[in-house]
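> Any chance you can model this:
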Amino acid sequence: MKERLEGMIAAAIRDLFNIDIKIDVSRPEKEFGDYATNAALQLAPKLKRQPHEIAEQLQPRLSEALSDYSESVTIADPGFINIRLKEAALWYQAQIAFSKPTNGQTVVIEYSDPNPFKMLHAGHLYTSIVGDAIANLLSSTGASVHRVNFGGDVGLHVAKTLWAIIFYEGQGNLDNDVVWHKVQALTSKTIEERTAWLADYYTKGNNAYKLDLVGAKAAIDELNKQIYKFHEDNDHASAIAQIYWTCRDWSYSYFDKFYDLVGIHFEKFYPESETVDIGIQKVREHIGDVFTESDGAVVFTGEDHGLHTRVFITSQGLPTYEAKDVGLLFKKWDDYHFTRSIVITSYEQTQYMAVVLKAIEQFAPDLAHASQHITHGEVKLTGAKKMSSRLGNIVKAIEVLNTTADTYFALTGKRDDRVILGAVKYAFLKQRLGSDIIYNPIDSVSLEGNSGPYLQYAYVRASSILSKTEPDDSPVENLQPDERKLLLKISEYQEVIDKAIAERLPHYICTYLYELAQIFNQFYEHNRVIGNDREAVRIKLVRCYTCTLRAGLELLGVPVLDTM
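Predicted coordinates for the structure are as follows:
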């Protein structure tokens with residue numbers, strides 16, 4: 001309806017004034033109408049006339065043009081034009097299916113991106129939840145969406161972990177088979193325990209590398225090159241290679257188990273080892289025209305483009321993250337021939353991704369221009385402590401869920417994974433993407449505030465009303481003020497979805513659903529549904545409300561419950 005009104009207003013202005021302007025209709029305070037436009041104020045400087053005078057000339061033309069939809073078209077100072085819709089138009093708008101602005105598009109959306117040999121932390125949980133919601137949005141409006149993941153199964157962090165395992169478990173002997181047997185013995189432990197064991201050794205290895213303890217830096221650099229050779233030579237037989245492949249598999253099993261737990265699933269996981277060759281190839285092909293050699297390394301001089309210089313291939317001939325990301329984009333293209341490639345990361349990667357995409361733009365502009373980097377802030381528990389896996393002080397993703405579950409149990413005496421998942425997802429998604437989040441478990445499980453459980457209960461409550469009734473074909477007409485207020489809010493849903501998709505911001509949906517639930521609660525508090533002489537109309541409104549609330553929660557990935 002919004003786009004239709006904008007088109008009709010623009011057409012009336014062309015007819016009257018022979019001027020084309022971009023029209024925007026908005027939702028004013030309810031006492032002014034259902035929609036409003038400031039078109040007369042936009043026209044005033046162009047026509048050199050007062051806005052109110054222009055609005056008076058537009059009003060009769062719009063009343064005629066919008067007669068099938070509008071009940072009234074009125075003017076408010078200094079020249080706003082307010083439109084009140086007919087009940088039939090509101091009811092139609094509240095029930096229409098999604099528009100399909102992304103119909104026919106192929107979108108690859110990459111998010112989460114955990115590294116094997118490390119723990120999943122709260123940041124991974126956040127980007128997983130946000131990425132899944134954006135993927136749901138794009139899928140709901142027609143795009144063919146492919147959810148992918150990317151992680152570093154090669155690189156210095158892997159070498160640091162393996163070196164620490166060998167050094168501390170094998171007394172520094174890199175060829176010590178004893179270490180391999182110790183690793184095998186860990187298979188009796190849970191996957192969480194094994195992953196925590198790996199993460200602990202990563203922290204030890206990183207500290208040793210940073211301080212260069214017992215010659216660790218040179219040894220780790222050499223081991224790093226050896227790990228790349230495991231892939232190049234398909235080495236699964238040597239003792240260190242066996243440790244590497246086994247520990248890598250542990251990480252992947254841990255990732256899969258956690259993603260199952262939070263209801264997020266990926267079509268493909270790209271290990272960095274699969275992007276190395278194509279990344280190096282693309283970079284080396286463009287030495288001289290895009291990249292330059294510097295002290296044996298291959299770099300992109302970002303200063304020429306208002307950015308900064310970054311290394312893509314080290315002086316040892318190894319690819320950096322930058323080269324691997326080059327390879328990844330080409331792998332995605334080969335696999336999907338996408339219309340759009342979206343990558344979601346922390347804002348700490350903003351400058352990094354800008355350089356990578358600018359480098360790719362020099363020799364594959366279509367791929368670079370089809371790419372979008374979306375960033376989010378950091379996640380901190382109450383107390384605002386910054387996390388770092390290098391220092392070993394991360395907030396584990398599972399700890400966020402467990403803390404929330406304990407908080408909910410303390411509040412209600414109940415344990416329900418679906419409620420906990422809804423609490424965490426909604427708490428993350430209701431914040432505008434880009435800013436830091438201070439996560440408060442108590443607020444997240446509240447049944448009275450702006451929370452996931454509040455909306456889950458709102459759905460349960462409305463569904464219980466419907467369970468006592470049968471469908472009715474009575475028309476929705478002659479609405480009372482509270483009935484019309486609820487219907488008007490329901491009719492806003494499509495506009496909210498369109499805005500969330502256009503800006504890639506799921507928090508718009510959260511804000512809308514919370515406002516919708518509040519309006520319904522006010523309606524239900526003051527208007528009896530069952531046993532009222534307007535029961536048939538009100539039941540239809542309740543049913544329309546529950547369908548809208550359910551659709552919004554599903555887009556967010558918040559579990560929809562029948563009972564609580």
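> ok, Arg310 to Phe150 distance?
18 Å (C-beta to C-beta, to the nearest Å). In this view, the C-beta of every residue, glycine as well, is placed from N, C-alpha and C.
> need the contact list for the spatially closest residue to Lys282 that is not a sequence neighbour.
Leaving aside its sequence neighbours, Lys282 sits nearest to Val326 (C-beta to C-beta, 6 or more residues apart in numbering; 5.3 Å). Neighbouring residues of Val326 by C-beta atoms under 8 Å, 6 or more residues apart in numbering: 275, 278-279, 282-283, 312, 356, 359-360.
> which one of Arg310 and Phe150 has more residues nearby?
The neighbour count for Arg310 versus Phe150, taken as other C-beta atoms under 10 Å, is higher for Phe150 (25 against 20).
> packing partners for the host helix or strand of that one?
Using DSSP states H and E, the element containing Phe150 is strand 144-151. Strand 144-151 is packed against strand 106-110, helix 122-140, strand 268-271, helix 321-336, with contacts defined by 3 or more C-beta pairs under 8 Å, 6 or more residues apart in numbering; DSSP states H and E.
> which SSE is Tyr545 in?
Counting by DSSP H and E, Tyr545 is found in helix 535-556.
> In this structure, mark out all the strands, start to finish.
Assigned by DSSP state E, the strands in the chain fall at 25-26, 35-37, 70-76, 80-85, 106-110, 144-151, 268-271, 292-294, 297-300, 310-313, 340-346, 371-376, 379-381, 437-439.
> quick one: Tyr524 from Leu487, how far?
14 Å.
> do the same with Val214
In terms of C-beta to C-beta, Val214 sits 73 Å off from Leu487.
> Neighbour count for the two, which is higher?
More crowded of Val214 and Leu487, by other C-beta under 10 Å: Leu487, with 24 against 10.
> For the nearest residue to that one once chain neighbours are set aside, report the pLDDT, please.
The shortest distance from Leu487 to any residue other than its chain neighbours is 5.2 Å, reached at Leu90 (C-beta to C-beta, 6+ apart). For Leu90, the pLDDT comes out at 92.
> so who does Leu90 touch?
By C-beta under 8 Å, 6+ apart, Leu90 lies in contact with 34, 484, 487-488, 491.
> List the contacts of the nearest residue to Leu120 once chain neighbours are set aside.
Excluding the flanking residues, the one nearest Leu120 by C-beta to C-beta, 6+ apart is Ala397, at 4.2 Å. Residues counted as contacts of Ala397 (C-beta under 8 Å, 6+ apart) are 119-122, 124-125, 258.
> Ala397 and Leu556: what is the separation?
18 Å.
> what does Asp233 give?
Applying C-beta to C-beta to Asp233 and Leu556 gives a distance of 46 Å.
> what sits against the residue sitting nearest the centre point of the chain?
In the chain, the residue lying closest to the centroid (C-alpha atoms, centre = their mean) is Val130, at 2.3 Å. Going by C-beta under 8 Å, 6+ apart, Val130 touches 111, 344, 376, 428-429, 433, 506.
> Likewise for Lys485?
Per C-beta under 8 Å, 6+ apart, neighbours of Lys485: 30, 519, 523.
> Try it again at 7 Å.
30, 519 (C-beta atoms under 7 Å, 6 or more residues apart in numbering).
> And for the one 10 residues further on?
Shown here is Glu495, whose contacts under the criterion C-beta under 7 Å, 6+ apart are Lys2.
> Distance of it relative to Val460?
Taken as C-beta to C-beta, the span from Glu495 to Val460 is 27 Å.
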